[in-house]
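>>> Test case, fold it:
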Amino acid sequence: MQITYTDDRGWLIVTLVGNAETYGAEGWRTFRQDFPWERGAKVIIEIHEVDGASDDAVGALMGLTADAHHRSGRVVVVGENDDLRARISVLGMEGYIRTAWSVEQARATLDIAHE
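Presented below is the predicted three-dimensional model:
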């Protein structure tokens, strides 16, 4: 998995490129464990170029969402593929993992006050 981090007007934009399945459990665990929270807790994870899906990928997104919440932040996932969307749904996480169609929509979602 190729992962890039970009700071953009108060948001940390994380771009993932690769295959969610072949990245493996250890890759997703490391992605979450080594996440650069010091760069900000308002996070957009852009995954338009991620193929496939795995429980480990969904688990990492759930974990990052919880981690951000504990830092008074938020995570929005942009561009999930049909396989990942279905996996999120099957696991009952569609209300927990916030998604958006674009980075601009995600920015608007991040600026919504916490309930």
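>>> okay, CA-based contacts and neighbour counts for the rest of this
Fine.
>>> where along the protein do the helices fall?
Along the chain, counting by DSSP state H, helices occupy 20-33, 55-70, 82-90, 103-110.
>>> so which of these gets nearest W11?
W11 lies closest to helix 103-110 among those, at 7.9 Å (C-alpha to C-alpha).
>>> ok, and for that closest one, which residues are buried?
103, 106-107, 109-110 (16 or more other C-alpha atoms under 10 Å).
>>> now W37: how far from A20?
Applying C-alpha to C-alpha, to the nearest Å, the value for W37 to A20 is 22 Å.
>>> So between those two, which is more surrounded?
More crowded of W37 and A20, by other C-alpha atoms under 10 Å: A20, with 23 against 15.
>>> Verify the stated contact: that one with E49.
No - applying C-alpha atoms under 8 Å as the test, A20 and E49 come out as separate, 10.1 Å apart.
>>> Pipe the helices of the chain into TSV and attach distance to I45 per row.
Converted to TSV, those look like this (distance: least, C-alpha to C-alpha, whole Å):
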stretch	distance to I45
helix 20-33	12
helix 55-70	9
helix 82-90	13
helix 103-110	9
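>>> and those, which is most packed in?
Among the helices of the chain, ranked by average contacts under mean count of other C-alpha atoms under 10 Å, first place goes to helix 55-70 (a mean of 19).
>>> pull the CA atoms of that helix into CSV?
Only the C-alpha atoms of helix 55-70 are listed here, as CSV (Å, rounded to 0.1, in the frame of the first residue of the first chain):
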residue,chain,number,x,y,z
ASP,A,55,-12.1,-7.0,7.5
ASP,A,56,-8.6,-5.7,8.4
ALA,A,57,-9.1,-2.5,6.3
VAL,A,58,-12.5,-1.9,7.9
GLY,A,59,-11.1,-2.6,11.3
ALA,A,60,-8.3,0.0,10.7
LEU,A,61,-10.9,2.6,9.6
MET,A,62,-13.0,1.9,12.7
GLY,A,63,-10.0,2.1,14.9
LEU,A,64,-8.8,5.4,13.4
THR,A,65,-12.4,6.8,13.8
ALA,A,66,-12.3,5.9,17.5
ASP,A,67,-8.7,7.2,17.9
ALA,A,68,-9.8,10.5,16.4
HIS,A,69,-12.8,10.8,18.6
HIS,A,70,-10.6,10.4,21.7
